[in-house]
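>>> I would like the atomic coordinates for the input below:
(one chain, ligands or ions: 2)
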Amino acid sequence: MVTQAEYLTGNKEGIEEFISRFDVFLFDCDGVLWSGEHLFEGTVETLELLRSKGKQVVFVTNNSTKSRADYKQKLTSMGIPATVDEVFGSSYSAAIYISRILQLPSNKKTVFVLGEAGIETELDGEKVPRIGGTDPSLNRLIGKDDYADIASGTSLDPSVGVVLCGLDFHLNYLKLSLAFHYLRHGAVFLATNIDTTLPSSSTLFPGAGACSAPLVAMLGGKQPTSLGKPSQAMMDAIEGKFQFDRQRACMIGDRLDTDIQFGIEGGLGGTLCVLTGVTKGKQDWEDGKIVPTAWVDKLGDLREGA
Ligand SMILES: O=C(O)[C@H](O)[C@H](O)COP(=O)(O)O
Ligand SMILES: [Mg+2]
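Residues are numbered from 1 along each chain as shown. Ligands and ions are numbered 1, 2, ... in the order given. Next comes the predicted model:
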């Protein structure tokens, strides 16, 4: 149990030694590599340094708004070479879970989506039938007829067996009403992730957890099964693909209750917290609940380990 985290910024020898412990670096994205469209200083050079040392780099994001292909595109457009196979997103994790793990009745295979195209793309990739999501017909105020149609089941698709909630920039009362009634009809309640906030423009905005929270409240506190970090569903998928020694792997993240907890519960050799996203300093882990192995002010500080 780690109780003290090591501060590495400015410590060249410490950074060199830290990097030498690991063969694989799992990178969170939002709040570590970038904030929205703003790439943090030194990110590209740090990834180039690690790759020049023969380290395996894997991108592990809870952001469900983009598919793995979308993330590959964003990474390369930001100057970070990446392949789709190096990207694991919570939408992919959820699609795999629904298509390969969840046992649904044959007449209840459809997913009602609260979220963006990233979820839709990954469900399509796994041939999982879906409705909702970015359907433009749902981007409207609820109408007086909707109440009766939902109550009677007229506007509910009887094949829906799952409600999957992610970060939804188009969330509204009508979509929440439909999701709630699917859940009341017995649909399985899943979330790509439940991060309460989204780091962007160097501050915080509503996260995926803020999108599913109304449903949790309506269900009397029933939480969805979350398939993003810290769920080990993603860690198992990553290990399955890369066959790495967990003791020689490090998770780098900005959020204690997703990234760092993901690395700790995954039995990784170490975790590194950065202060460019949600976590703002060691005061955030002084309760001793989720303590990283080490921390730096920003990812680019690792360049000192060149
Ligand atoms: O609300 C969210 O979905 C999360 O804040 C966001 O997606 C986190 O992405 P990550 O830091 O895991 O890349
Ligand atoms: Mg993050």
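>>> on contacts alone, who are the packing partners of the lowest-mean-pLDDT helix or strand in the chain?
Lowest mean confidence among the helices and strands of the chain (mean pLDDT, DSSP states H and E): helix 232-242, at a mean of 90. Packing partners of helix 232-242 (3 or more CB pairs under 8 Å, 6 or more residues apart in numbering; DSSP states H and E): strand 56-61, strand 87-89, helix 90-96, helix 261-265. Just so you know, the C-beta spots here come from the backbone N, C-alpha and C atoms, and that holds for glycine as well.
>>> tell me the contacts of the residue of the chain found nearest ligand 2?
For the chain and ligand 2, the shortest gap (CB to the ion) falls at residue 31, measuring 3.6 Å. When contacts are counted by CB atoms under 8 Å, 6 or more residues apart in numbering, residue 31 touches 199, 253, 254, 255, 274, 276, 277, 278.
>>> picking that back up, any chance of the helices and strands packed on helix 232-242 in CSV, with mean pLDDT, mean neighbour count and distance to residue 120 too?
Shown next, in CSV, are those (pLDDT from 0 to 100; neighbours: other CB atoms under 10 Å; distance: least, CB to CB, whole Å):
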stretch, mean pLDDT, mean neighbour count, distance to residue 120
strand 56-61, 97, 22, 17
strand 87-89, 96, 26, 13
helix 90-96, 96, 30, 8
helix 261-265, 98, 22, 25
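>>> Nearest to residue 147, out of these?
Nearest to residue 147, of all the helices and strands packed on helix 232-242, is helix 90-96, at 29.9 Å by CB to CB.
>>> and the closest one, is it in reach of ligand 2?
No - Helix 90-96 stays clear of ligand 2 (CB under 5 Å from the ion), getting no nearer than 11.4 Å.
>>> following that helix, which helix or strand comes up?
Sequence order places strand 110-114 as the next helix or strand after helix 90-96, per DSSP states H and E.
>>> Give me the mean pLDDT for the next helix or strand after that following strand.
Next helix or strand after strand 110-114 toward the C-terminus (DSSP H and E): helix 117-125. Mean pLDDT, helix 117-125: 98.
>>> could you give the angle of helix 117-125 to strand 110-114?
Calculated by axes from the mean of the first three to the mean of the last three CA atoms, to 10 degrees, helix 117-125 forms an angle of 170 degrees with strand 110-114.
>>> In CSV, list the C-alpha atoms belonging to helix 117-125.
The C-alpha atoms that make up helix 117-125 are tabulated as CSV, following Å, rounded to 0.1, in the frame of the first residue of the first chain:
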residue,chain,number,x,y,z
ALA,A,117,-21.0,9.2,-32.0
GLY,A,118,-18.0,7.5,-30.3
ILE,A,119,-20.4,5.1,-28.6
GLU,A,120,-22.4,4.5,-31.8
THR,A,121,-19.3,3.7,-33.8
GLU,A,122,-18.0,1.2,-31.3
LEU,A,123,-21.4,-0.5,-31.0
ASP,A,124,-21.6,-0.7,-34.8
GLY,A,125,-18.2,-2.3,-34.8
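>>> so what secondary structure elements neighbour it?
Partner elements for helix 117-125 (3+ CB pairs under 8 Å, 6+ apart): helix 68-77, helix 90-96, strand 110-114, strand 130-132.
>>> can the second one be found next to ligand 1?
No - Helix 90-96 is not in contact with ligand 1 by CB under 6 Å from any ligand atom; minimum separation 7.3 Å.
>>> Around ligand 1, which positions in the stretch 101-250 of the chain sit nearby?
167, 193, 195, 197, 198, 207, 208.
>>> neighbours around the fourth one, how many?
What it means is residue 197. 17 (other CB atoms under 10 Å).
>>> what's the answer for the third one, then?
A count of nearby residues for residue 195, using other CB under 10 Å, gives 28.
>>> what's the closest non-adjacent residue to it?
residue 207 (4.1 Å; CB to CB, 6 or more residues apart in numbering).
>>> what's the answer for the second one, then?
Across the structure, with CB to CB, 6+ apart as the measure, the residue nearest residue 193 apart from its sequence neighbours is residue 228 (2.9 Å).
>>> Look up how far residue 176 lies from residue 143.
Distance check for residue 143 against residue 176: by CB to CB, to the nearest Å, it reads 15 Å.
>>> More neighbours: these two, which one.
Taking neighbours as other CB under 10 Å, residue 143 and residue 176 compare with residue 176 leading, 19 against 9.
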